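Enquirer: Pasting a predicted model and its sequence here:
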Amino acid sequence: MRAKEIFLNGIVKENPVLVLVLGTCPTLAVTTMAVNGLGMGLATTAVLVCSNIVISLLKRVIPNQVRIPSYIVIISGFVTIVSLLMEAYARELYQALGLFLSLIVVNCIILGRAEMFAAKNSVFHSMLDGAGMGLGFTLALTLIGSIREIFGSGTWFGLQILPEAISPVTIFLLAPGGFFVFGCMIAVVNFFRRKSDRLVRNACMNCPSIGACQNGREGEF
Amino acid sequence: MEFYFALLLDTILVSNVVLAQFMGICPFLGVSRKLDSAVGMGCSVTVVLVLATAATWVINTYFLLPYGLDYLRTLIFILVIAALVQLLEITMKKYLPALHRALGIYLPLITTNCAVLGVTISAVDEGLDFLPALVFALGSGLGFLLAMLLFAGVRSKLENCDIPPAFRGMPCTLIAASLVAMAFMGFSGVADGIFSI
């Protein structure tokens, strides 16, 4: 039962993108097409599952004072592996994601889960947590990518959806469209979860930036 | 000289790190509520960016490339940035305590700011020489500072608005950011137009 809860937690209740608002940079940058969102999500999931497993295995070995640098080294090792694999087997996606593939290293979801979950829980549970959080991230990115692709270029996963006669709204593919769609998505999620539960007051505890972030200190969100 | 000005203008306005390239969104959304903290964060990022680009450019050119180690770039760069930030904090604490009091709390966050890793990697990726790479980093940092400043102003106006409940907090902030980004789209072509290159 607990295993199922841990897995579903990241997908719905504490969705890292739509509820916790973490990992915003890749969420906005790569979601001009649904397939890019999906690819980025899966790459991040792979890194997250592997790093959670390794960090959970090493939780008694890593000294507390140098734990953050150790986590970063482990994470960037897996990021290098994933980006080399992608360069070899999914070249088109590799070129589309570009710089943001390397930037998975500084994605605060991964460091956050290492610090919050993997460092305290068993290997199996950490793996499930990584998979759940990663799939939640993938789901959100694919959703945002779908909306931006359908409105911005009239296609979905490359298939023509809107009739050719309707000219697509190109601004959805540009920076302002990214911010706008993301903002509206969070508003929709807020609308549905406002009454039922006021969960994740401590959402920001996941974020390494909590020290100076005013949102975190004042318990915004 | 013209090249450097064009590069500076291009990185500050046209391809602004935050509003056009989506790097460093977390501090952009998190630390922009008050003007003074926005300035503090922007200045720290600018300083770290220039120093980190100088260090990583040298390491990449004279150490990683000659030995065919460039697949380790992400790993080495993030470690260099982390070490540099620590070093900067220790040095500032000892010799410039006033500055440390002002910027100290922002320094530890910069390690995980993707603008720093992103800019150092793209400076190397684009094959810039040493001096252009430094100008590129400086422009990116100033662009970040400008975006933070403008957005802090926008947010101070948002505080007093009556917003539908579902949009309160983060959604409204993101939509405001969308409008600021739209304003920055007006700059596209400015650098090319002025210097006609």
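Expert: The structure has been received and is ready for your questions. Numbers count the residues shown, from 1 in each chain, chains lettered A, B, ... in the order given.
Enquirer: for chain A, what's the longest helix?
Expert: Longest helix in chain A, counting residues (DSSP state H): helix A:123-153.
Enquirer: ok, which stretches of the chain are helices?
Expert: This is for chain A. Taking DSSP H as the test, the helices found in chain A are A:2-8, A:24-29, A:34-57, A:67-89, A:91-97, A:99-102, A:108-113, A:123-153, A:175-193, A:214-217.
Enquirer: Correction: the question concerned chain B.
Expert: In chain B, the helices defined using DSSP H lie at B:2-9, B:25-30, B:35-59, B:73-95, B:97-103, B:107-110, B:114-125, B:130-158, B:170-185, B:190-195.
Enquirer: between the ones you listed, which gets nearest to A:Asn9?
Expert: Closest approach to A:Asn9 among the helices of chain B (Cβ to Cβ): helix B:170-185, 20.3 Å. Glycine gets a C-beta too; all of them are placed from N, C-alpha and C.
Enquirer: which helices and strands sit right next to that closest one?
Expert: Applying 3 or more Cβ pairs under 8 Å, 6 or more residues apart in numbering or on different chains; DSSP states H and E, one finds that helix B:170-185 contacts helix A:175-193, helix B:25-30, helix B:130-158.
Enquirer: 6 Å instead, please
Expert: Contact here means 3 or more Cβ pairs under 6 Å, 6 or more residues apart in numbering or on different chains; DSSP states H and E; on that basis helix B:170-185 packs against helix A:175-193.
Enquirer: Tell me how far A:Leu20 lies from A:Thr44.
Expert: Distance of A:Leu20 to A:Thr44, given as Cβ to Cβ, to the nearest Å: 14 Å.
Enquirer: swap in A:Leu162?
Expert: 29 Å.
Enquirer: So between these two, which is more surrounded?
Expert: A:Thr44 (27 against 15; other Cβ atoms under 10 Å in any protein chain shown).
Enquirer: and stretch A:147-164 with chain B, contact?
Expert: No. Figure legend: stretch A:147-164 not in contact with chain B (Cβ under 6 Å from any Cβ of the partner chain); closest approach 12.3 Å.
Enquirer: Next, count neighbours for A:Ala88.
Expert: For A:Ala88, using other Cβ under 10 Å, the count is 9.
Enquirer: looking at the helices of chain B, which one has the lowest mean pLDDT?
Expert: If you rank these by mean pLDDT, helix B:190-195 sits at the bottom with a mean of 71.
Enquirer: who in chain B is up against chain A?
Expert: Residues of chain B that fall close to chain A, judged by Cβ under 6 Å from any Cβ: B:19-20, B:22-23, B:25-26, B:30, B:33, B:74-75, B:78, B:105-106, B:109, B:112, B:114, B:117-118, B:121-122, B:166-167, B:169-171, B:174-175, B:177-178, B:181-182.
Enquirer: can we see that at 7 Å?
Expert: Applying Cβ under 7 Å from any Cβ of the partner chain, one finds that chain B approaches chain A through B:19-20, B:22-23, B:25-27, B:29-31, B:33, B:71, B:74-75, B:78, B:82, B:105-106, B:108-109, B:112, B:114, B:117-118, B:121-122, B:165-167, B:169-171, B:174-175, B:177-178, B:181-182, B:185.
Enquirer: any idea how far A:Gly152 is from the residue sitting furthest away from the middle of chain A?
Expert: Distance from the C-alpha centroid of chain A peaks at A:Ala165, with 35.1 Å (Cα atoms, centre = their mean). Here A:Ala165 is placed at a distance of 17 Å from A:Gly152 (Cβ to Cβ).
Enquirer: Ok, B:Leu51 next?
Expert: Noted for B:Leu51: a distance of 38 Å to A:Gly152, by Cβ to Cβ.
Enquirer: How far off centre is the longest helix of chain A?
Expert: Counting by Cα atoms, centre = their mean, to the nearest Å, helix A:123-153 is centred 6 Å from the centre of its parent chain.
Enquirer: ok so, going back, now the helices of chain B in a markdown table, with mean neighbour count and distance to A:Glu92?
Expert: Shown next, in a markdown table, are those (neighbours: other Cβ atoms under 10 Å in any protein chain shown; distance: least, Cβ to Cβ, whole Å):
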| stretch | mean neighbour count | distance to A:Glu92 |
| --- | --- | --- |
| helix B:2-9 | 16 | 30 |
| helix B:25-30 | 26 | 26 |
| helix B:35-59 | 21 | 28 |
| helix B:73-95 | 17 | 21 |
| helix B:97-103 | 14 | 42 |
| helix B:107-110 | 22 | 33 |
| helix B:114-125 | 25 | 18 |
| helix B:130-158 | 20 | 28 |
| helix B:170-185 | 20 | 27 |
| helix B:190-195 | 14 | 29 |
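Enquirer: Name the residues of the longest helix of chain A that are buried.
Expert: Buried positions in helix A:123-153, judged by neighbour count with 16 or more other Cβ atoms under 10 Å in any protein chain shown: A:125-153.
Enquirer: now stretch A:33-47
Expert: A:33-47.
Enquirer: re the thing from before, for the residue farthest from the centre of chain A, give its distance to B:Tyr71.
Expert: From A:Ala165 to B:Tyr71 the distance is 48 Å (Cβ to Cβ).
Enquirer: same thing with B:Leu149?
Expert: For B:Leu149, the distance to B:Tyr71 - Cβ to Cβ - is 38 Å.
Enquirer: now swap in A:Phe179 and tell me
Expert: Distance from A:Phe179 to B:Tyr71, counting by Cβ to Cβ: 34 Å.
Enquirer: and what of B:Phe3?
Expert: Distance of B:Phe3 to B:Tyr71, given as Cβ to Cβ: 31 Å.
Enquirer: and if you look at B:Pro132?
Expert: For B:Pro132, the distance to B:Tyr71 - Cβ to Cβ - is 25 Å.
Enquirer: try A:Ser83
Expert: 9 Å.
Enquirer: quick one: low-confidence ranges for chain A?
Expert: A:1, A:194-221 (pLDDT under 70).
Enquirer: one step back: out of the helices of chain B, which comes closest to A:Thr27?
Expert: Nearest to A:Thr27, of those and by Cβ to Cβ, is helix B:25-30 at 8.3 Å.
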